[in-house]
Structures are given as C-alpha cells and as structure tokens.
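J.: Next one to model:
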Amino acid sequence: MAKVTMLNMAGESVGDIELNDEVFGIEVNEFAVHEVIKNYLANQRQGTQSAKTRGEVRGGGRKPFRQKGTGRGRQGSSTSPNHVGGGVVFAPKPRDYSYSVPKKVKRLAIKSVLTSKVQDNEIIVLDSLSFEAPKTKEMIKVLENVKAAKKAIIVLDEKDDNVIRSASNIPGVETTLVSTMNTYEVLNATSFIVTKDAIKKIEEVYS
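T.: Down below sits the predicted model:
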C-alpha cells in the first residue's frame, strides 16, 4: 500500500495514511480515461446549433436571370448555396450528442486517475477541513499552507456548506463530494485535495 503524508489545515504533518492499492495503486488504463473524458465532454454539449438549408431560406421563387445569353453560369434559384444569402450545404441541426459508457469502464477510469494523482504526487490528504463560517480568506490561507496548485479540487465525504462557500469565489478551485466526483474534474485539477474521511469513503465505493 502507498503511504501519503497527512497534513492539518496549517500545513503541518500529522502522520501518514495508507492508501488501498485496489483504488490508488492500479495499472493506469489510458484508454478507459480517454473514453470517459470524451463521453463527459460529449454529454456537456447542448447540441442547439442550427443553420438553414436551401429549402428554408427566404426567396428562390423565380429564376435569378435567364438561362442563356448573359455570359454567366446558369442558375435556377437564389437560395442555392453558392449565392450570397443562400442556404447552407449539410446545415447543422439540433441533435443530442450524449451517449453512455459501461459502468466498469467508468470505475476503471476514475481509479486510473486517482492512481495517477498518487504517482505524480498531486494528492494532498487533510486530517480534517472545516470552518465555523464561510470565509474565503481562511480557505486561501489553508490552500497556501498545504502548497496547493492554482487548479485544485477539494473532495469531501459529505456536504459542508461553509467549506463549499469558502472556496466558491476562488478562481481555479472546485469542491465536490465523493458521490458526485467524476474523472474529468479530478484529471483537470493539478492538486487533488481530499480529507481523511473522504479517502475512506472513496475506498469503500471503489474497492
């Protein structure tokens, strides 16, 4: 089992924590990570783009000019795509880009990303994280103490409004719960900040 130093909110070491190899020590599967990230981004697309085809644009009721004698190429309609104001060839229409990925692939991807955070020393484990009231300054101080990167994700075992609101106004910092954590958010963050209780819950869910 991999050992990681556990810190308190002041950035001081308070011991080590052992991580379950079934979750934080597997062989990284880049294919699974790629598939899940691609799926996540596709599912975020609104798919509301739309353009008019030649049958939908205004005009085109009569032939623009006579067939012969003008010296120009023959034209049958002003709605043709080669006319200014004409329709669009293969115009994009609203569509649903979402699709599903097997649960096994999703589990493999999240465990691969968690393993990579340990291998790259991008995981920061805190013994606890709590505030008496929402204070952005206090959260900034904690992030500085633990030497977190500008892009960081804070993972909690259960919802804590004071922590979430304290981090909400800090650019590049996101908070999430173990139950809603996804591969894209974890991979996108340079620092993976997680509490001791959240580690236990992650191991329960994914081991």
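
J.: Centre of the chain to stretch 155-173, how far?
T.: 17 Å (C-alpha atoms, centre = their mean, to the nearest Å).

J.: next one: stretch 74-87
T.: Counting by C-alpha atoms, centre = their mean, stretch 74-87 comes out at 42 Å from the chain centroid.

J.: Just the pLDDT for the spatially most central residue of the chain.
T.: Centroid check for the chain by C-alpha atoms, centre = their mean gives residue 184 as the closest residue, at 3.8 Å. As predicted, residue 184 sits at a pLDDT of 94.

J.: Which helix or which strand is home to the residue nearest to residue 59 when sequence neighbours are not counted?
T.: Nearest non-adjacent residue to residue 59, counting by C-beta to C-beta, 6 or more residues apart in numbering: residue 78, 4.8 Å away. C-beta here means a position set from N, CA and C on the backbone, and glycine is covered the same way. Residue 78 is part of no helix or strand when elements are defined by DSSP states H and E.

J.: contacts for the longest helix along the chain?
T.: Counting residues, the longest helix found in the chain (DSSP state H) is helix 103-119. For helix 103-119, the external contacting residues (C-beta atoms under 8 Å, 6 or more residues apart in numbering) are 2, 4, 19, 22-30, 32-33, 35-37, 122-123, 181-183, 186-187, 192, 202, 206.

J.: try it again with 6 Å
T.: Residues outside helix 103-119 that contact it (C-beta atoms under 6 Å, 6 or more residues apart in numbering): 2, 23-24, 26, 28-29, 32-33, 35-36, 123, 183, 186-187, 192, 206.

J.: Same question for stretch 23-43.
T.: By C-beta under 6 Å, 6+ apart, stretch 23-43 touches 2, 97-98, 101, 105-106, 108-109, 111-112, 114-116, 118, 183-184, 203, 206-207.

J.: which among the residues you listed end up buried?
T.: 101, 105-106, 108-109, 111-112, 114-116, 118, 183-184, 203, 206 (16 or more other C-beta atoms under 10 Å).

J.: From residue 33, how far out is residue 112?
T.: 5 Å (C-beta to C-beta, to the nearest Å).

J.: what's the answer for residue 73, then?
T.: Taken as C-beta to C-beta, the span from residue 73 to residue 33 is 52 Å.

J.: what does residue 197 give?
T.: With C-beta to C-beta as the criterion, residue 197 and residue 33 are 26 Å apart.

J.: Next: residue 118.
T.: Between residue 118 and residue 33 the computed distance is 15 Å (C-beta to C-beta).

J.: With residue 62 instead?
T.: 58 Å.
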